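Novice: take a look and give me a structure for this.
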Amino acid sequence: MSEFAGKVCVITGAGSGIGRAVALNLAGQGAKLALSDMDSSGLAETVRQVEAVGAEVKSDHLDVTQREAVLAYADAVVAHFGKVHQVYNNAGIAFHGDVERSEFKDIERIMDVDFWGVVNGTKAFLPHLIASGDGHVVNISSLFGLLSIPGQSAYNAAKFAVRGFTESLRQEMLIAKHPVKVTCVHPGGIKTAIARNATMPDGDDQVTFAQFFDKHLARTTPEDAAKTIVGGVRKGKARVLIGADAKFLDAWVRIVGPSYQWVVATVTSRVLPKSN
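Specialist: Numbers count the residues shown, from 1 in each chain. Modelled structure (predicted):
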């Protein structure tokens, strides 16, 4: 029997992509699921799929940027299932735009969802994870939490912040000897709709950027990403890299150090679609 059988697992951003794939992977191993998303129709489809394999599910419309709502949600999940064992803070959005042309509101929106959403989910559920005696926090960062690229300053900032927050949390759990493991996940290019749903400064060609990402950068399926994530959780890994691109670039950046920035700037100026 899988070690996930009977475990109560919370997944934000479960309406599509990696979130849905993780939900299906865990459902297949007997986990009980608390699923949330802002996309009600996508969430309903995920619920339909996980229920088809026999999972017990609680589903909720949730905006992870609304702290009080997330705190109330954590209490509601515990009231429903009795306890919580694992939290996958997966909800995220994307924005592509140079700092010079980005509005403050664009950067704030990315930080609110991609960083503060993770903080809110972690803080809301952490006491319950400790109380479970067998807790696990899984926070989704990115390849762009390991290196930066032009046009992704806001996303880089959020994902680097998730990495720092998560690595510090893991150390704190070790020091306190709490029964909570902590994993930071760094996906490379995944075949999801994140690039198609990304926002950009007014006047920029969002469709061209999305097509470039889908054609040249998205190499790993959500199902393969979920398998890697769940495998990393099973092993209690501190860091999980998803895709050959993430593994290669992580190693390359550690070898070459800050000089990677000149190389990335040179390459991206030649291959990425130009902003207006």
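Novice: how about the helix of greatest length in the chain: buried residues?
Specialist: Longest helix of the chain, by residue count under DSSP state H: helix 153-176. Applying a neighbour-count criterion of 16 or more other CB atoms under 10 Å, one finds 153-163, 165-167, 169-170, 173 buried in helix 153-176. C-beta coordinates here come from the backbone N, C-alpha and C atoms, glycine included.
Novice: same thing with stretch 42-56?
Specialist: Within stretch 42-56, the residues that qualify as buried are 42-43, 46-47, 50, 55-56, counting by 16+ other CB under 10 Å.
Novice: any chance of TSV for those, columns distance to I229 and secondary structure?
Specialist: Listed next are the buried residues of stretch 42-56 as TSV, based on distance: CB to CB, whole Å; DSSP: H, G, I helix; E, B strand; the rest coil:
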residue	distance to I229	secondary structure
G42	19	helix
L43	19	helix
T46	16	helix
V47	20	helix
V50	16	helix
A55	17	coil
E56	21	coil
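Novice: R163: what's it in contact with?
Specialist: With contacts defined as CB atoms under 8 Å, 6 or more residues apart in numbering, R163 is in contact with 141, 145-146, 184, 186.
Novice: got a pLDDT number for it?
Specialist: As predicted, R163 sits at a pLDDT of 98.
Novice: excluding chain neighbours, what is closest to it?
Specialist: Distance criterion CB to CB, 6 or more residues apart in numbering; nearest residue to R163, sequence neighbours excluded, is G145 at 4.2 Å.
Novice: one more: K7?
Specialist: Using CB to CB, 6+ apart, the nearest residue to K7 is H85, at 4.3 Å.
Novice: the one you found contacts D134, correct?
Specialist: Yes - between H85 and D134 there is a contact at 5.7 Å, judged by CB atoms under 8 Å.
Novice: T220 touches P187, doesn't it?
Specialist: Yes - proximity of T220 to P187 meets the contact threshold set by CB under 8 Å, at 7.2 Å.
Novice: what is in contact with these two at once?
Specialist: Contact with both T220 and P187 is made by residues 242-243, according to CB under 8 Å, 6+ apart.
Novice: pick out whichever of these two has more residues nearby.
Specialist: With neighbours defined as other CB atoms under 10 Å, T220 and P187 compare such that P187 has more, 28 against 20.
Novice: helices or strands up against the helix or strand containing V185?
Specialist: Assessed by DSSP states H and E, V185 sits inside strand 180-187. With contacts taken as 3 or more CB pairs under 8 Å, 6 or more residues apart in numbering; DSSP states H and E, strand 180-187 sits against helix 117-132, strand 135-140, helix 153-176, helix 222-235, strand 239-242, helix 244-256.
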